[in-house]
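> Next one to model:
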Amino acid sequence: MLTLLYIMEYLLFLPNGMTDLCVVVFVALVVIDLLLLYRNQSGVEAERHLPERLSNGDENRIQFTITNRYFFRASLEVIDELPVQFQLRNFWFDMTLDPAEKQVHSYSLRPTERGEYRFGQLLVFVCSQLGFVKLKYSFGNEQMVPVYPSFIQMRKFELIAFSNKPADAGVKKIRRLGHSMEFDQIKEYVRGDDVRAINWKATARTGDLMVNTYQDERSQQVINVIDTGRVMKMPFKGMHLLDYAINTSLVISNIVLLKDDKAGLMTLSNEGTSFVKPQKRRVHIRRIQEQLYNIKPNFLESDYRLLSVSLKKNVNARSLVLLYTNFESLSSMERQLSTLRAIAKDHLLVVIFFENTELTSLLDREPGTVEEIYTKTVAESFIYEKRQIVRTLNHYGIQTILTAPKELSVNAINKYLELKARGML
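Numbering: from 1, shown residues only. Below is the predicted model:
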């Protein structure tokens, strides 16, 4: 359209005789351009390729293919109608295709909330080398893709936790303290084996030095408890703390099942709890994933007494309970302390809550004004209070993890592996 306007403006300043000739040539070129584009009703073919589901908080790859069926080199502008959750209104690609050429393009999307995402049509605007006219093509119907808790992160940590170099991603190799109670097998001694594990009866029987080997005690119960109340609505990098907790719960549940332990799930609100019974079958991860997908946030403070009652009712054996919540002040924790102490008597309780990373970043800045000095002092007091929460909980025998949201999964995995190695379950 801009090309047409420029030509029309230019023609106004030409002599009359020359103007008539130019108008005729111009109209002829427009007609030729129309014929070039409209002569072939399927001059362009395009298709979007969407995965069955998207992973929340991760970069998800979306692909589309474009094929030029015209006999000339075509210039294309491709607009993909993205879901409203992304709030992108200027998302397009410019490209040029030779006759019969097919191109595959891809881009990444990072969803920040779970739920249904609806993609619209794939729009392609085509023009020839003359550039007077653009023809619009529309491909595909509306497509719905669900966004699930981060299964990409789940697979990533699955590979890391069982690889030879877990430390590259922050997962620590924990030295075992003593033996697990679960016997594995008797094998021939090799250099480096613990001499305290020598089986003298088997050694006498075979004539070779034999040792007992042990493995992590299996079938232990690990229950992820997620507070869905208002304290988990704080945002961090586009996502709420609740979604970080959900993603980590999926990661931990997967590793627990791979360790032959039992993984369970519980959500907590002011109205009550929901419970997924701990199991150790690998297919159980699908049920946990579906339950995590359907978690809805609550805007009121959760009732921890309901958590204590639910654990007593549904969990008979001593279990590792990972409680994902957030305490912003010492007083808010003290209101729940009696309930947390009661839970810790029956189970190994780990309270997981979050650092305020914005406050932490303030400590690295040198204050230049009185206002900045005051702000930094307030930030230091809040950070000190978080540390007081950790000390208070540890004093009563309650394990804690105080972490930045982005480091939640790594720190939770390390705590689980540490507690297993120490035989505290």
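
> Show residues contacting the helix or strand hosting residue 202.
In the assignment (DSSP states H and E), residue 202 maps to helix 200-206. Helix 200-206 has contacts (C-beta atoms under 8 Å, 6 or more residues apart in numbering) with 186, 209, 210. The way it works is simple: take the backbone N, C-alpha and C, and place the C-beta from them, glycine included.

> ok, and for it, which residues are buried?
Across helix 200-206, burial judged by 16 or more other C-beta atoms under 10 Å covers 202, 203.

> And stretch 56-75, by the same measure?
Buried, per 16+ other C-beta under 10 Å, within stretch 56-75: 56, 57, 58, 60, 62, 64, 66, 68, 69, 70, 74.

> Would you check how far apart the nearest residue to the fourth one once chain neighbours are set aside and residue 84 are?
Going back to what we said before, that points to residue 60. Closest residue in space to residue 60, ignoring its immediate chain neighbours: residue 54 at 4.6 Å, by C-beta to C-beta, 6 or more residues apart in numbering. Distance, residue 54 to residue 84, using C-beta to C-beta, to the nearest Å: 15 Å.

> more crowded one of these two?
Neighbour count, other C-beta atoms under 10 Å: between residue 54 and residue 84, residue 54 has more, with 24 against 10.

> can I get the contacts of helix 200-206 in JSON lines with neighbour count, secondary structure and distance to residue 298?
Listed next are the contacts of helix 200-206 as JSON lines, based on neighbours: other C-beta atoms under 10 Å; DSSP: H, G, I helix; E, B strand; the rest coil; distance: C-beta to C-beta, whole Å:
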{"residue": "186", "neighbour count": "15", "secondary structure": "strand", "distance to residue 298": "54"}
{"residue": "209", "neighbour count": "15", "secondary structure": "coil", "distance to residue 298": "61"}
{"residue": "210", "neighbour count": "20", "secondary structure": "strand", "distance to residue 298": "58"}
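
> Ramachandran angles for the closest residue to residue 88 other than its chain neighbours?
Spatially, and ignoring its direct neighbours in sequence, residue 88 is nearest to residue 82 (5.3 Å; C-beta to C-beta, 6+ apart). Backbone torsions of residue 82, given as degrees, to the nearest 10, read phi -80, psi 160.

> Would you enumerate the residues in contact with residue 82?
88, 91, 109, 119, 120.

> The third one: how many residues sit nearby?
Taking other C-beta under 10 Å as the criterion, the count of residues near residue 109 is 21.

> Help me confirm that it comes into contact with residue 85.
No: taking contacts as C-beta atoms under 8 Å, residue 109 lies outside contact range of residue 85: 9.5 Å.

> Please, where are all the strands along the stretch 201-350 of the chain?
Assigned by DSSP state E, counting those that start in this stretch, the stretch 201-350 of the chain shows strands spanning 210-215, 221-227, 235-236, 239-240, 262-268, 273-279, 319-324, 348-354.

> Which helix or strand lies directly C-terminal to the last one?
Next in sequence after strand 348-354, counting helices and strands by DSSP H and E, comes helix 357-363.

> send the alpha carbons of that next one over as PDB?
Taking C-alpha atoms only, helix 357-363 is exported to PDB below (Å, rounded to 0.1, in the frame of the first residue of the first chain):
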ATOM      1  CA  THR A 357      15.500 -11.800  45.800                       C
ATOM      2  CA  GLU A 358      14.600  -8.100  45.300                       C
ATOM      3  CA  LEU A 359      15.500  -7.400  48.900                       C
ATOM      4  CA  THR A 360      18.700  -9.400  48.600                       C
ATOM      5  CA  SER A 361      19.800  -7.400  45.500                       C
ATOM      6  CA  LEU A 362      19.400  -4.200  47.500                       C
ATOM      7  CA  LEU A 363      22.200  -5.300  49.800                       C
END
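
> Now do the buried residues in it.
359, 362.

> cool, and stretch 236-251?
Residues of stretch 236-251 classed as buried: 236, 239-251 (neighbour count, 16+ other C-beta under 10 Å).

> Of those, just say which sits nearest to residue 327.
Nearest to residue 327, judged by C-beta to C-beta, of these is residue 241 at 11.8 Å.

> any idea how far the closest one lies from residue 113?
13 Å.

> for residue 305, same thing?
According to C-beta to C-beta, residue 305 stands 30 Å off from residue 113.

> pLDDT weak spots in this structure?
1-26, 33, 161-184, 214-218 (pLDDT under 70).

> number of nearby residues for residue 154?
23.

> typo on my end, it should be residue 336
The local packing of residue 336 (other C-beta under 10 Å) involves 22 other residues.

> So it is in contact with residue 302, correct?
No: taking contacts as C-beta under 8 Å, residue 336 lies outside contact range of residue 302: 9.0 Å.

> and the residue nearest to residue 60, what are its bridge partners?
Judged by DSSP bridges, the bridge partners of residue 54 are residue 147.

> Run through the residues that contact it.
60, 109, 111, 117, 145, 146, 147, 148.

> What segments of the stretch 51-200 of the chain are helices?
Applying DSSP state H, counting those that start in this stretch to the stretch 51-200 of the chain gives helices spanning 151-161, 200-206.

> Any chance of those helices in CSV with distance to residue 421 as columns?
Shown next, in CSV, are the helices of the stretch 51-200 of the chain (distance: least, C-beta to C-beta, whole Å):
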stretch, distance to residue 421
helix 151-161, 13
helix 200-206, 26
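
> Report the buried residues of whichever strand or helix holds residue 409.
For residue 409, the element it lies in under DSSP H and E is helix 408-421. Judged by neighbour count (16+ other C-beta under 10 Å), helix 408-421 contains these buried residues: 408-417, 419-421.

> I'd like to check the angle between that helix and strand 348-354, please.
Here helix 408-421 runs at an angle of 160 degrees relative to strand 348-354 (axes from the mean of the first three to the mean of the last three C-alpha atoms, to 10 degrees).

> Against which helices or strands is helix 408-421 packed?
Contacts defined by 3 or more C-beta pairs under 8 Å, 6 or more residues apart in numbering; DSSP states H and E place helix 408-421 against helix 151-161, helix 241-258, strand 319-324, strand 348-354, strand 399-403.

> how about the ones you listed in JSON lines, adding distance to residue 105?
Conversion of the helices and strands packed on helix 408-421 to JSON lines gives the following (distance: least, C-beta to C-beta, whole Å):
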{"stretch": "helix 151-161", "distance to residue 105": "21"}
{"stretch": "helix 241-258", "distance to residue 105": "29"}
{"stretch": "strand 319-324", "distance to residue 105": "39"}
{"stretch": "strand 348-354", "distance to residue 105": "38"}
{"stretch": "strand 399-403", "distance to residue 105": "38"}
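
> Setting aside sequence-adjacent positions, which residue approaches residue 38 most closely?
Per C-beta to C-beta, 6+ apart, closest to residue 38 is residue 135, 6.8 Å.
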